[in-house]
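Peer 1: sequence first, predicted coordinates after that:
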Amino acid sequence: MKVGKKRKEAEAKYDNTKSYTLLEACNILKQISTTKFDASVDIDVRLGVDPRQANQMVRGVASLPHGLGKVVRTLVLCTPDKEEEAKAAGADHVGLDDYIKRLLAVGPILISSLLFLV
C-alpha cells in the first residue's frame, strides 16, 4: 500500500520501538494530528490478566475532563455509619430506609447513578 505524504511526516515524529509516557504520547498525538475535528484515540494496555477467569475481569470508567454537559445526581443507599463517607465522596443524596420509603410512596427520583454501600 502506498504511504501518503502526511503519514510519512507523522511517522518521522515518533519512534515506533520506544515506549512513551502518557504525557509524551499526548503531546506527540497533538503534533501529528491533521484532522480538523476532535479525533478519538484508542489506547491498548497490556495488564497481564486472563479475562476468562472470573476473579481477573477488568472493568473501568474514564471520566472526561469537562464531562458531558449533563448534571449528574448520585443516590447512595447505605447504612448510617457509611453516610459521612458517601457525602465526602460527593454523593447528592444519602440514606437507606428513608429513601426506600420515599421511592415506594412518591415514585422515581431523578438520579444519574445509584450506589449501594454495605
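Peer 2: The structure has been received and is ready for your questions.

Peer 1: verify the contact between Ala91 and Thr74 for me.
Peer 2: Yes: counting by Cβ atoms under 8 Å, Thr74 is a contact partner of Ala91 at 4.8 Å. Yep, even glycine has a C-beta here, placed from its N, CA and C like the rest.

Peer 1: shared neighbours, these two?
Peer 2: Counting by Cβ atoms under 8 Å, 6 or more residues apart in numbering, the residues touching both Ala91 and Thr74 are Leu115.

Peer 1: so which of those two has more stuff around it?
Peer 2: Using other Cβ atoms under 10 Å, the more surrounded residue of Ala91 and Thr74 is Ala91, with 20 against 16.

Peer 1: which strand or helix spans the most centrally placed residue in the chain?
Peer 2: Centroid check for the chain by Cα atoms, centre = their mean gives Ala62 as the closest residue, at 1.2 Å. Counting by DSSP states H and E, no helix or strand carries Ala62.

Peer 1: that one and Glu24, how far apart?
Peer 2: Computed as Cβ to Cβ, to the nearest Å, the Ala62 to Glu24 distance reads 19 Å.
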